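Visitor: below are the sequence and a predicted model; questions follow.
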Amino acid sequence: MTAIANLGRPTRPEVMTTTAEGPKARGLVQSEPLIFELGGWDKTGVDFHEDADVDAGDLAGLTRAAAPRLPGLSEPETLRHYVRLSQLNHAIDLALYPLGSCTMKHNPRLNEKMARLPGFADIHPLQPVSTVQGALALMEELARWLKMLTGMPAVALSPKAGAHGELCGLLTMRAAHEARGDARKTVLAPTSAHGTNPATAALAGYQVVEIAQTDDGRVDLADLAAKLNADVAAVMVTNPNTCGLFERDVIEIARLTHAAGAYFYCDGANFNAIVGRVRPGDLGVDAMHINLHKTFSTPHGGGGPGAGPVVLSDALARFAPTPWLTHGEDGFGLVEHAQGEAAAAFGRLCAFHGQMGMYVRALAYMMSHGSDGLRQVAEDAVLNANYIRARLSGAMSAAYPDGPCMHEALFDDAWLEGTGVTTLDFAKAMIDVGFHPMTMYFPLVVHGAMLIEPTETESRAELDRFCDALLELAAAAKAGDVERFKGAPFHAPLRRLDETQAARKPKLRWVGEN
Amino acid sequence: MRYLPLTDADRSGMLAVIGASSIDDLFVDTPASARLAGPVDLPAHASELAVERALGALAGRNRAAGAGPFFCGAGAYRHHVPASVDHIIQRSEFLTSYTPYQPEIAQGTLQVLFEFQTQVAELLGLPVANASMYDGSTACAEAVMMAARVTRRRKAVLSGGLHPHYASAAHTLAHSAGVETRRLAASVDAEDAVIAAIDAETACVVVQTPNVFGTVSDVSAIAEAAHAAGALLIVVTTEAVSLGLLKSPGEMGADIAVAEGQSIGNGLMFGGPYVGLFACREALTRQMPGRLCGETVDAEGRRGFVLTLSTREQHIRRDKATSNICTNSGLCALAFSIHMSLLGGTGLARLARLNHARALSLRAALAAIPGVEVLTPRIFNEFALRLPGSAAAVVEALARRDILAGVPVSRVDPGAGLDDVLLTCATETTTAEDVAAFAQALAEEIA
């Protein structure tokens, strides 16, 4: 328990670096034990207004022998614990966070404030609809914005994240095929697709067949046409795609797909690049999920929660899952079971109505930007990505240098050849100069891929600071300063972690002193 | 455009660096026929004040739970959350970070997940817990799929005490993947009936305690029956606070336990975002869905945490993954973990006892009303009442008197033939005055 001795006043860093218990303390950044090494087993940081006994009549023989063996902390200890831990994290509020495909943009605090209004935060999903008319009106308004921005006639709000939205989209397609007695078994998706696409297709009971890609990073139309047949239920394409490129032939992809009796699913993870400039409904899309935590700025929260509403074409709308939002003379209503007007619904994706807290945030963001601002969002996102690509292209090799990119700039590792530095090394060295690494080794179709997505919420000064840092690193790599990369990061709370050991003998919870 | 830092001068300077003459040059790959000439027909940008006014007006049209007597449960519960929880989760470093794929600069999130997994494992009484699912219902559906993978069987038996929306979500997911679900008839004390439904093709049985009618059950005998048939037992809990008082799912023989974690640290939020808890026996670890955080060391031998066993996951295994889940419920898991750290095991036990006591007071007050029959035999903080007529009508009538009396069974299970049954619940937030107001109003409405 040496770590305990390191708590409290900041001590000389040399003294504190001796611990093997956790991150090295440096200056005011504290080493922090686990709560199980800190807390009291009989302690609680919550004061109760009263105590109560258990009624033996109801729960005899049904209760635990002892309270759960979990430590408690007082409020000041709790604040210290979590604030110290927070300081070990990088965040979008600290610097550009260039994770390609993740859209790490600024999270407006107005959205947080609105989501916490008691009229949204403190209402129950099953209280009478007459008492939540404002909440249903908000959902209707969010739906209106999403439908208008995508040019699609319907939307299913309830999916809880992007992958859940993909499942929603594929299940509407399955239901539509089954409704016409045309059960199909295959889904086509490009090799460059997000892993969620094939995983979702498999979960929905389909075989996945990959579509080849052309040399310019787009769907190979000839390969698509060759693989389309009467057994294909859906074609899943991300647009703009994971190489950061717009699928120029998207309308033809949709036409070929429909001609084969299949539906066209668009992965909307990258909608940020085109919002207000192009509407998926004008491209022949049948279903597309929208990650509210990407395009519409709801915070990523260290991994979630997200929200993945799915816009649907007329052909698919009636198969959307429950609940459905209705609007009649008595105000707004909810159809919560697959009956009546929702009789064709394919089922239900989750217990309640989806991610209300995210709906409020997303709508606050949309209203703040307005239709003019959202168009500017796409333009600035694309401008920033192209600016980074232009500034870095002299030193790093763009994967698809011909023509502009959309919202993200993709580089391969050809420029590192012979340096002894890998994409991973380069990414880790970025940490030492104050930036979160870009997305690495994705998409899979580009060797040593480095996918940089700045988003529209970066200033030119921050983009320049980022590009200057990368250019300096690139020069160091080419100059043979391999040590700077192989051992990186040197200046993070921890050095490189041993992921192999973690997986070989998994230790997934605290088990005590040994 | 307060969220956009670029000025027009920046934009033209940057276009010059790129070598483009206008922004349209960068959208040249979009089909000409689909390019919008100008903004979509929606309102233009709005000031912060204007947005606050508009959304504040919508919020004002909802009856907040805290604004008066409130007794709704059925899968979402109103508890008091300490103020420090919401403060901490709004720290930029937690709120605005991504999934911790770069562990050297994400130890804050990762250590929280490791602590969260340890807390969940202890509460559910099983050795391994993951880093959260979307909510309890999707965790339940994933558990059914996992059981089918583990047993290589394709039938799931769902108890009639399982929340009907959980049953629907599980059925939806399982059906698409060719796994058949059989939901037994809804009844207050439904759990034991599942034993007769288990056969040699059963992959799993799914039971809930406290169940949707509030009934608390010891499911040990079901575990034995399931295991004897080679099936797995999945135990669902929708009210996480009950875990402070009741036998854990693991103690009763669950192979997989899932729970809705909303009750601890998270508000009602009209149904989401919530946080799904998911735990299982150690032997099943590599079949789990979702992210797992594990302990390791860094290059200097210091303890650290990473996401691990990711060869189960979609970004590595693609169509062979154990689930398609990517985004989890990280920030809600953080809220859960902070609240749990404040409570400690003893605090949670006290909170659970207080909930139980409140519910007993409510039951006593309502049971005394002529025409009201309490159906739930063993309660934690929620129970079912049979009323002389339509429960939905009573709920509407009481709502007009500003009392939110609970959830009519017909709302969640219209086909059950239980239109006269009301689900009602009390927590530590329920006052004696609330109970008295409810009892008096109910007596008057059904008199």
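Guide: Cool, got the structure.
Visitor: okay, strands next: where are they in chain A?
Guide: Shown for chain A, the strands assigned by DSSP state E span residues A:154-156, A:186-190, A:207-211, A:232-238, A:263-267, A:287-289, A:310-312, A:324-328, A:331-335, A:409-411, A:439-440, A:450-452.
Visitor: number of nearby residues for the spatially closest residue to residue B:203 that is not a sequence neighbour?
Guide: Nearest residue to residue B:203 in three dimensions, chain neighbours excluded: residue B:153, at 3.8 Å (C-beta to C-beta, 6 or more residues apart in numbering or on different chains). For glycine as for every other residue, the C-beta is placed from the backbone atoms N, C-alpha and C. By other C-beta atoms under 10 Å in any protein chain shown, the residues close to residue B:153 number 21.
Visitor: same check, this time on the one 10 residues further on
Guide: Here the number of neighbours of residue B:163 (other C-beta under 10 Å) works out to 23.
Visitor: list the residues that contact residue A:159.
Guide: Residue A:159 makes contacts with A:165, A:167-168, A:289, A:307-310, A:349-350, A:354, as judged by C-beta atoms under 8 Å, 6 or more residues apart in numbering or on different chains.
Visitor: contacts with chain B among these, please.
Guide: A:167, A:307, A:349-350, A:354 (C-beta under 8 Å from any C-beta of the partner chain).
Visitor: apart from its chain neighbours, what residue comes closest to residue 331?
Guide: I went with chain A, as the question did not name one. Here the nearest residue to residue A:331 in space, its sequence neighbours aside, is residue A:133; by C-beta to C-beta, 6+ apart that works out to 5.1 Å.
Visitor: the chain in question should be chain B.
Guide: Using C-beta to C-beta, 6+ apart and skipping residues adjacent in sequence, the residue nearest residue B:331 is residue A:301, 3.0 Å away.
Visitor: against residue B:328, how distant is the one you found?
Guide: Going from residue A:301 to residue B:328 by C-beta to C-beta, to the nearest Å gives 9 Å.
Visitor: who touches both of those two?
Guide: Jointly contacting residue A:301 and residue B:328 under the rule C-beta under 8 Å, 6+ apart is no residue at all.
Visitor: closest point of chain A to chain B, which residue?
Guide: Ranked by C-beta to the nearest C-beta, the top residue of chain A for proximity to chain B is residue A:72, at 2.1 Å.
Visitor: residue B:335 versus the closest residue to that residue other than its chain neighbours, what's the distance?
Guide: Here the nearest residue to residue A:72 in space, its sequence neighbours aside, is residue B:344; by C-beta to C-beta, 6+ apart that works out to 2.1 Å. Distance from residue B:344 to residue B:335, counting by C-beta to C-beta: 16 Å.
Visitor: is it true that the residue nearest to residue A:331 touches residue B:59?
Guide: No. Using C-beta atoms under 8 Å as the test, residue A:133 is too far from residue B:59 to be in contact (11.2 Å).
Visitor: tell me the average confidence for stretch A:277-292?
Guide: Stretch A:277-292 carries an average pLDDT of 98.
Visitor: same check on stretch B:144-154?
Guide: When the per-residue pLDDT values of stretch B:144-154 are averaged, the result is 97.
Visitor: can you show me the CA trace of that stretch as PDB?
Guide: C-alpha atoms of stretch B:144-154 as PDB (Å, rounded to 0.1, in the frame of the first residue of the first chain):
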ATOM      1  CA  VAL B 144     -29.700 -14.000 -24.600                       C
ATOM      2  CA  MET B 145     -27.600 -13.900 -27.700                       C
ATOM      3  CA  MET B 146     -24.500 -14.800 -25.700                       C
ATOM      4  CA  ALA B 147     -26.300 -17.800 -24.100                       C
ATOM      5  CA  ALA B 148     -27.200 -19.000 -27.600                       C
ATOM      6  CA  ARG B 149     -23.500 -18.800 -28.600                       C
ATOM      7  CA  VAL B 150     -22.300 -20.500 -25.500                       C
ATOM      8  CA  THR B 151     -24.700 -23.400 -25.500                       C
ATOM      9  CA  ARG B 152     -25.100 -23.600 -29.300                       C
ATOM     10  CA  ARG B 153     -28.800 -23.800 -28.700                       C
ATOM     11  CA  ARG B 154     -31.500 -21.600 -30.200                       C
END
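Visitor: got the contact list for that stretch?
Guide: Surrounding stretch B:144-154, the residues in contact under the criterion C-beta under 8 Å, 6+ apart are A:203, B:156, B:170, B:173-174, B:177-181, B:201-204, B:206, B:230-232, B:234, B:255-256, B:280, B:284, B:287-289, B:322-323.
Visitor: excluding covalently adjacent residues, which one is nearest to the residue of the stretch 101-250 of chain B found nearest chain A?
Guide: Using C-beta to the nearest C-beta, the point where the stretch 101-250 of chain B gets nearest to chain A is residue B:172, with a distance of 3.2 Å. Nearest residue to residue B:172, sequence neighbours excluded (C-beta to C-beta, 6+ apart): residue A:347, at 3.2 Å.
Visitor: cool, and residue B:165?
Guide: residue A:351 (4.2 Å).
Visitor: ok, the one you found - contacts?
Guide: With C-beta under 8 Å, 6+ apart, residue A:351 has these contacts: A:125, B:75, B:135-137, B:163, B:165-166, B:169, B:260, B:271.
Visitor: mind running it again at 10 Å?
Guide: A:125-126, A:158, B:74-76, B:134-138, B:140, B:163-166, B:168-169, B:238, B:260, B:271-272, B:274, B:276, B:412 (C-beta atoms under 10 Å, 6 or more residues apart in numbering or on different chains).
Visitor: before we move on, back to that, quick one, what contacts the residue nearest to residue B:331?
Guide: A:107, A:293, B:89, B:94-99, B:109, B:273, B:327-335.
Visitor: for ChimeraX, write a command that selects the buried ones of those.
Guide: The buried residues among the contacts of residue A:301 can be selected in ChimeraX (16 or more other C-beta atoms under 10 Å in any protein chain shown) with this line:
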select /A:107,293 /B:89,94,95,96,97,98,99,109,273,327,328,329,330,331,332,333,334,335
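Visitor: just the ones in helices from the contacts of residue A:301, please.
Guide: Secondary-structure check on the contacts of residue A:301 using DSSP state H: residues within helices are B:89, B:94-95, B:109, B:330-335.
Visitor: looking at these, which is nearest residue A:419?
Guide: Using C-beta to C-beta, residue B:109 is the member of these that lies nearest residue A:419, at 31.9 Å.
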